[in-house]
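Engineer: Fold the following.
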Amino acid sequence: MSLAHDTRGRTAPWTLPLSQIDPSRADLFERGEHWDYFARLRRDDPVHFTPASDFGPFWSITKFKDIVQVETSHNIFSSFPEIVIGDAPADFRPPMFIAMDPPVHDEHRRTVTPAVSPARIAELEPLIRERAGRILDSLPRNETFNWVDLVSIELTSQMLATLFDVPFEDRRLLPYWSDAATSADTVGSTAMTFEQRQNILMECLAYFTKLWNERVNTDKPGFDFISLLARGPSTRDMYKDPMTFLGTLMLLIVGGNDTTRNSISGGIVHLNRNPREYDKLRANPGLIPSMVSEIIRYQTPLAHMRRTAIADGVIGGKTIRKGDKVVMWYISGNRDETEIERADEFLIDRANPRHHLSFGFGIHRCMGNRVAEMQLRIIWEEIMKRFPRIELVGEPVRVKSNFVHGFTEVPVRIPA
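Structural biologist: Numbers count the residues shown, from 1 in each chain. Model (predicted):
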């Protein structure tokens, strides 16, 4: 039975008055109880208004085609000023190009895209495969360990270190800064105030400002993110605006960390909870490419993105007024039964597995999607060469967040 149908006696999603449903509650995601709330909204109120929440009033867009409509209606639904449901304090709101509209968005995105171009990905693949092999060969046998820490974070931090060209020994700073940028209450397992998180991000800014200064005048044209920004016609003066530089760093770090990290973790969880699919994989490792897309859909590592209405518009028959917050719940659109057949099932041999919203849609579609897919494909190819089974031996610990949909702990054991 899938999580979406396993209410374990919880009837609230189906019995609460619609006006009382607030899908932004982080505790629902932490407990894995959000699925039925979204199933209820898709059925009964797919464009849903929450009049009061910790983030103020907002609209929830829960069906696939309605999300696509919002994503492609830039003249009505703007990415500015925020792409998450909550508003950052006015005195600490680092601009990032995903929270910008054309043409600035397009110029900044175009500047850094060469770091994740198809040619660059092909060039990096042997290195990523070598690293994945080393990580897997170092894992303990016949004892419980946290897959998130030893595999998911380690592989993605190594990849990020390459994309930013930071010293290898500093690689774990990158997921640390990513957690500081996205976590509402904690960084890792440590409770943090907003001021402490802000101080962590300023350390991130200082670190990369030093790298910028080292690379801006070099004769060697690197293809890492910092070198590309320092050379880009529309970004070469970004260092003069430290908050814009920090916002760009946060976007690139989070974008390069969360999708891959939480999909690597989710893959282990979903295969163990769907043993027939694990059997399919063992019988036919050629299913790995389609399985990668299915993991990314089924996990949906970033649960939502937000837009702000800059004009009145109509979605799903509901009138949305200028100034309203509009939250596109990718995590719900990816389970839309009217768009994806057997959407609530984890099936690694789907006919069209890339038909999902986990990377967004339109001009804001994740520019690093191919890097994420490559890392997942490689890690699973290397896993299947080594381990017939990796066993989930306890309940995973989920992130308390309505934005990052992932895990802090996935306890596993590799049989000797």
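Engineer: For Ile414, which residues are in contact?
Structural biologist: 139-142, 387, 389-391 (CB atoms under 8 Å, 6 or more residues apart in numbering). C-beta here means a position set from N, CA and C on the backbone, and glycine is covered the same way.
Engineer: Roughly how far does it sit from Glu107?
Structural biologist: Noted for Ile414: a distance of 47 Å to Glu107, by CB to CB, to the nearest Å.
Engineer: what's the answer for Pro233, then?
Structural biologist: According to CB to CB, Pro233 and Glu107 sit 8 Å apart.
Engineer: between those two, who's got more neighbours?
Structural biologist: Glu107 (15 against 9; other CB atoms under 10 Å).
Engineer: List the residues that contact the more buried one.
Structural biologist: Contacts of Glu107 by CB under 8 Å, 6+ apart are 232-235.
Engineer: of these, buried ones?
Structural biologist: 232, 235 (16 or more other CB atoms under 10 Å).
Engineer: Okay, the residue lying closest to Gly317 once chain neighbours are set aside and Ala206: tell me how far apart.
Structural biologist: Computed as CB to CB, 6 or more residues apart in numbering, the closest residue to Gly317 that is not its neighbour in sequence is Val47, at 7.2 Å. Relative to Ala206, Val47 is positioned 44 Å away (CB to CB).
Engineer: These two: which is more packed in?
Structural biologist: Set Val47 next to Ala206 and count neighbours by other CB under 10 Å: Val47 wins out with 20 against 11.
Engineer: What is the burial count for Cys262?
Structural biologist: Not quite, residue 262 is Asn, not Cys. By other CB under 10 Å, neighbour count at Asn262 equals 25.
Engineer: Can you show me the helices along the stretch 301-416 of the chain?
Structural biologist: Using DSSP state H, counting those that start in this stretch, the helices assigned to the stretch 301-416 of the chain run over residues 330-333, 369-386.
Engineer: Residue ranges in the stretch 101-250 of the chain under the pLDDT threshold?
Structural biologist: 183-192 (pLDDT under 70).
Engineer: Just the strands from it, written as ranges.
Structural biologist: Using DSSP state E, counting those that start in this stretch, the strands of the stretch 101-250 of the chain run over 145-146, 186-187, 190-191.
Engineer: now the helices of the stretch 301-416 of the chain as TSV including mean neighbour count and mean pLDDT?
Structural biologist: What follows is the helices of the stretch 301-416 of the chain, written out as TSV (neighbours: other CB atoms under 10 Å; pLDDT from 0 to 100):
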stretch	mean neighbour count	mean pLDDT
helix 330-333	26	98
helix 369-386	20	94
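Engineer: Output those helices in a markdown table, with distance to Leu251 appended to each entry.
Structural biologist: Below are the helices of the stretch 301-416 of the chain laid out as a markdown table (distance: least, CB to CB, whole Å):
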| stretch | distance to Leu251 |
| --- | --- |
| helix 330-333 | 17 |
| helix 369-386 | 14 |
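Engineer: Identify the residues contacting Asp66.
Structural biologist: By CB under 8 Å, 6+ apart, Asp66 lies in contact with 46-47, 315-316, 333.
Engineer: again, only using 10 Å
Structural biologist: Neighbour list for Asp66: 42, 46-47, 315-318, 328, 333, 336 [criterion: CB atoms under 10 Å, 6 or more residues apart in numbering].
Engineer: Quick check: it vs Pro46, distance?
Structural biologist: Per CB to CB, Asp66 is found 6 Å from Pro46.
Engineer: got it, and Glu373?
Structural biologist: Counting by CB to CB, the separation of Glu373 from Pro46 is 29 Å.
Engineer: likewise Ala39?
Structural biologist: Distance from Ala39 to Pro46, by CB to CB: 11 Å.
Engineer: circling back: from the contacts of Ile414, which two are the most distant?
Structural biologist: Spanning the widest gap among the contacts of Ile414 are Pro140 and Arg389, at 15.1 Å by CB to CB.
Engineer: which one of these two has more residues nearby?
Structural biologist: A direct count of neighbours by other CB under 10 Å for Pro140 and Arg389 places Arg389 higher, at 14 against 11.
Engineer: Now Phe58. Its backbone dihedrals?
Structural biologist: Note on Phe58: its backbone torsions stand at phi -160, psi 160 [degrees, to the nearest 10].
Engineer: Could you check how far it is from Gly316?
Structural biologist: Computed as CB to CB, the Phe58 to Gly316 distance reads 15 Å.
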